[in-house]
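Student: Predicted coordinates and the sequence they were generated for:
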Amino acid sequence: MTNLVGQPLPRIEDCRFLTGAGKFTDDLQAENQLYVAVVRSPHAHARIGAIDLGEALATANVVGAFTGVDLRESGIGVIPSSTRTEPFRLVNRDGSEMALADQYPLAEHKVRFAGEAVAFVVAETSLAARRGRLHTARVGHRDRCR
C-alpha cells in the first residue's frame with residue numbers, strides 16, 4: 001500500500017460547489033418548517049441572571065423561545081455522548097472509563113465560554129427567528145466569574 005500522508009487526493013465535490021450547484025441544509029424546505037436562532041453569551045465566564053423572552057415571544061411569526069431551564073423542565077436533558085459507545089469509546093491509560101461530563105443544549109445558570117448558547121428562538125421564518133434573537137439579546141449576566 002502506498003503512503004497517502006502528504007499526498008494530494010482527488011476531490012469530487014469541488015465542481016458542484018464552484019459552480020453554485022452545492023446543496024446545503026439551509027436549502028431544504030419542508031411543510032410547516034420552523035427555524036431556530038440561537039442566543040449566545042458574549043462573556044467567557046459569567047453567571048446568568050435573568051433572560052427576558054417577552055419581546056422575543058411578541059415578535060411577529062415567533063412561535064416559541066426557550067432557556068436551558070425551560071428545556072430541563074420540559075424533560076429535555078443531557079445530549080447523549082458517544083465517548084462510551086464503540087468505536088468511539090474513550091478510556092484512560094489504565095483502561096478505566098473516562099469521566100463523563102454532562103453536556104446540555106443550553107447553559108442554565110452559568111456560561112463557561114464566550115458564544116455558549118443560552119436561549120433558542122423558534123419562528124416560522126428565518127428572519128423572524130433572527131429578529132426574536134435580537135430582542136432576547138437582553139440576557140442579564142450577574143457577575144463575571146473569576
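Tutor: That came through fine. Residues are numbered from 1 along each chain as shown.

Student: buried sites along the longest helix seen in the chain?
Tutor: In the chain, with assignment by DSSP state H, the single longest helix is helix 126-136. In terms of neighbour count (16 or more other CB atoms under 10 Å), helix 126-136 has its buried residues at Ala128, Ala129, Arg131, Gly132, Arg133, His135, Thr136. All C-beta atoms are positioned from the backbone trio N, CA, C, and that covers glycine.

Student: what does it contact?
Tutor: 35-39, 51-53, 55-62, 65, 119, 121-123 (CB atoms under 8 Å, 6 or more residues apart in numbering).

Student: Just the residues you listed: which are in helices?
Tutor: Mapping the contacts of helix 126-136 onto helices (DSSP H) picks out Glu55, Ala56, Leu57, Ala58.

Student: coming back round to it: could you export the longest helix of the chain as CSV, CA atoms only?
Tutor: C-alpha atoms of helix 126-136 as CSV (Å, rounded to 0.1, in the frame of the first residue of the first chain):
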residue,chain,number,x,y,z
SER,A,126,-35.6,32.6,9.5
LEU,A,127,-35.9,36.3,9.6
ALA,A,128,-38.4,36.2,12.4
ALA,A,129,-36.2,33.9,14.4
ARG,A,130,-33.2,36.2,14.0
ARG,A,131,-35.4,39.3,14.9
GLY,A,132,-36.6,37.4,18.0
ARG,A,133,-33.0,36.6,18.9
LEU,A,134,-32.1,40.3,18.8
HIS,A,135,-35.0,41.1,21.2
THR,A,136,-33.7,38.3,23.5
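
Student: Looking at that helix now, give me its mean pLDDT.
Tutor: Mean pLDDT, helix 126-136: 90.

Student: same thing with stretch 110-117?
Tutor: 92.

Student: And that stretch, end to end?
Tutor: Between the opening and closing residues of stretch 110-117 there is a gap of 11 Å (CA to CA, to the nearest Å).

Student: same question, stretch 60-69
Tutor: Length of stretch 60-69, first residue to last, CA to CA: 24 Å.
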